[in-house]
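**Q** with the sequence up front, the predicted model follows.
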Amino acid sequence: MGKTAVILVLGVILLILAGINFSGNISSIHWYHRRKVTPEDAPKYSRAMGIGTGIIGLCAIVTAALEAATKQNMDAVIIGGCVVGLGVMLYAQIKYNHGLF
């Protein structure tokens, strides 16, 4: 399996996970990352984590599509997506869990 196919599969998995998180299910997030999240904040926390995961997944899919179409290395797209997605997730973690752990 080539690099592009692996990135594509990873992107699809991340988008599925993002959909699960966005719908309000935070069980896929480690217990220690969600232990201080109040029940009132859980929907907002899971939506924000879903958005962050979705950004990373979508950028992975776009990277795979661009690499397949242009035959050029497009790692900058996925790196940018990871930075933005992780930034959203970090914001949610600090705001709703009151810290990283």
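**A** Cool, the structure landed.
**Q** hang on, isn't Asp41 packed against His98?
**A** No. No contact is recorded between Asp41 and His98 when judged using CB atoms under 8 Å, the distance being 9.8 Å. From N, CA and C alone the C-beta is placed, and that goes for glycine too.
**Q** quick one: which of these two has more around it?
**A** The residue with more neighbours, out of Asp41 and His98 and counting by other CB atoms under 10 Å, is Asp41; that gives 17 against 12.
**Q** the nearest residue to the more buried one once chain neighbours are set aside: what secondary structure?
**A** Once flanking residues are discounted, Asp41 sits nearest to Tyr96: 4.6 Å by CB to CB, 6 or more residues apart in numbering. Here Tyr96 is recorded as helix under DSSP: H, G, I helix; E, B strand; the rest coil.
**Q** isn't Tyr96 right up against Val37?
**A** Yes. Here Tyr96 reaches Val37: they are 5.0 Å apart, a contact under CB under 8 Å.
**Q** now for these two: what residues contact both?
**A** Common neighbours of Tyr96 and Val37 are listed as Tyr45 (criterion: CB atoms under 8 Å, 6 or more residues apart in numbering).
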